[in-house]
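**Q** My questions concern the predicted model and sequence given below.
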Amino acid sequence: MPLKAGLERVLLLLSGEHPTMTYSEICAILDSEGMGYDAIAKHDQIFLLDVNPAAMELLGKRSAYLMEGGRLLAQCAANTEDCAKSLENIDWSFLGGKSFGARANRVRNYWRNLDTQELQGMIGGIVKGNTDSIVNLDCPEVWIKGIISDAGVFFYIIGVSTDRSGFTARRPKSRPYFHPGVLEPKLSRAFVNLSGVREGGLFVDPFCGTGGFLIEAALMGMKACGMDLDMRMVNGTGKNVAHYHLDCDLLHGDAKALPLSAIDGISTDPPYGRGTTTMGMDAASVLLGFLRGASGALKKGGKLCTAAPIELNPRRMAQESGFKVIEEHQMRVHKSLTRSIIVVERD
Ligand SMILES: C[S@@+](CC[C@H](N)C(=O)[O-])C[C@H]1O[C@@H](n2cnc3c(N)ncnc32)[C@H](O)[C@@H]1O
C-alpha cells in the first residue's frame, strides 16, 4: 500500500504475552486520540503501520505491550545474501553524520540459520561503508535494529523504547491496600486502553476493587471514576490512588445501577463468584445487570471492555444489552478459567 501524505511506515515490536490483544491495544490508543493510521501487516510480535510520526511518543507513553518501534527501513528474506542486498539498498543519508549503533534480535526461535551477532556486524559494516557516521555502542544518536521474525528480517530505526519497570514497581502487593483477585498493572493498563478513552476523557471502572484500573487510567491523564459495592474496597482504592499521588472520584454502590452519564469509556473486571465476591448474587445476573445499565451511561460511540468467564458468553449478553461487539479475545488463566475479554460499543 503506498504511503499517505504525513504518514510514515513504522514497525512496532510487541510483547508476546497475548496473540491478539497486543495489536488491538495499539489500534485503540491511536483511535482514542484520533490519529489516523493504516494497518499494513501483523506478524508474530510485529505490527507494521503507516502512522503520523507523532504517534510513536503517544504509544510509548501509553501502551502496555509495546516494547520498541520506529521507522521501517527495509524488509527481506532471512538469509545473509538478501540481508546484505537489502542493507546496501537503503538510503542512509538520513544519518547525516550522526553516530549510530547496530543491534539485532530474534522473535522467538525463527530462522536459526541466521545468526544475530553476524547480522549486527553486517548492519554496522554496511552503514560504515556507506556513510561518514561513526559507531557508538554506548550512547549513539541513532540505533539501527534488525529483527528476525516469522516473516523474514526487518530493519528499522529505534524511535521509541519503552520502560516497563513501572509495571513491576506498581505490582498489587506493593500498594497500601491489597486484596486477591486483582489483575497485574500491565494487563489492567491494556484493559483501560481498550476502552478507547483519550487523555482528559472520563473513564469509569464500576467494579473497581482495589483500584488497579483507576491507577493506570489516572497515570494516562484520564479523569478516573470508580465504584464498588464493598465499602472496604472503596476506602482501599482511595488509599492506593493517593499512594501514587493521583486523583480519582469514588462511589459506593451497585454497578447494576450506575449513577453516571456521558461516560467516554468503561473497562472492568467484574466478580466471577470465585476468588472475588458477587455479594450474594450469581455472576451472570451481575454481569447482565451491569451491561444493561452501562449502555445508557456511556456516550454514543463510547466503548466498554469487560472480562468474564467464557462460559457466561459475555458477547451474547452485550448484544442483548444493545451493544455492538467490536472484538473478543480469549485468555486462559488456568484449567477451570478461560476469560473472554470483549470490547463493545454503544450504538
Ligand atoms: C475482580 S474484583 C475487581 C478487581 C479490580 N480490577 C482491582 O484492581 O482490584 C471485583 C470487585 O467487584 C466488587 N463487586 C461485586 N459486586 C458488585 C456490584 N454489584 N457492584 C459493584 N461492585 C461489585 C467486589 O467487591 C470486587 O471488589
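**A** Great, that's in hand.
**Q** sec struct for the residue nearest to G69 when sequence neighbours are not counted, please.
**A** Counting by CB to CB, 6 or more residues apart in numbering, G69 lies nearest to L12, which is 4.0 Å off, once chain neighbours are set aside. For glycine as for every other residue, the C-beta is placed from the backbone atoms N, C-alpha and C. Secondary structure of L12, reduced to three states by DSSP: H, G, I helix; E, B strand; the rest coil: strand.
**Q** okay but L12 is in contact with Q45, surely?
**A** No: in this structure, L12 is not within contact of Q45 by CB atoms under 8 Å, at 9.1 Å.
**Q** Compare the two and say which is more crowded by neighbours.
**A** Here L12 and Q45 are set side by side on neighbour count (other CB atoms under 10 Å), and the busier one is L12, at 27 against 21.
**Q** Compute the distance between that one and G36, please.
**A** In this structure, L12 lies at 16 Å from G36, with CB to CB, to the nearest Å as the measure.
**Q** swap in L291?
**A** 31 Å.
**Q** So between those two, which is more surrounded?
**A** Neighbours per residue (other CB under 10 Å) separate L291 from G36, with L291 holding more: 26 against 13.
**Q** Just the pLDDT at the spatially closest residue to G34 that is not a sequence neighbour, thanks.
**A** Counting by CB to CB, 6+ apart, G34 lies nearest to R198, which is 7.6 Å off, once chain neighbours are set aside. Reading off the confidence values, R198 has pLDDT 98.
**Q** Get me the contact residues on the chain for the ligand.
**A** Applying CB under 6 Å from any ligand atom, one finds that the chain approaches the ligand through 181-183, 206-213, 227-230, 233, 254-256, 269-271, 276-279, 286.
**Q** Give the buried subset of those residues as a ChimeraX selection command.
**A** Typed into ChimeraX, the next command selects the buried ones out of the residues of the chain next to the ligand (criterion: 16 or more other CB atoms under 10 Å):
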select :182,183,206,207,208,209,210,211,212,213,227,228,229,230,233,254,255,256,269,270,271,276,278,286
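**Q** Okay, and which of the residues of the chain next to the ligand map to helices?
**A** Taking DSSP state H, the ones among the residues of the chain next to the ligand that sit in helices are G212, F213, M233, V286.
**Q** possible to save these as a markdown table with pLDDT?
**A** Below are those laid out as a markdown table (pLDDT from 0 to 100):
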| residue | pLDDT |
| --- | --- |
| G212 | 98 |
| F213 | 98 |
| M233 | 98 |
| V286 | 96 |
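**Q** Considering the residues you listed, which is situated nearest to the ligand?
**A** If you rank those by distance to the ligand using CB to the nearest ligand atom, G212 comes first, at 2.7 Å.
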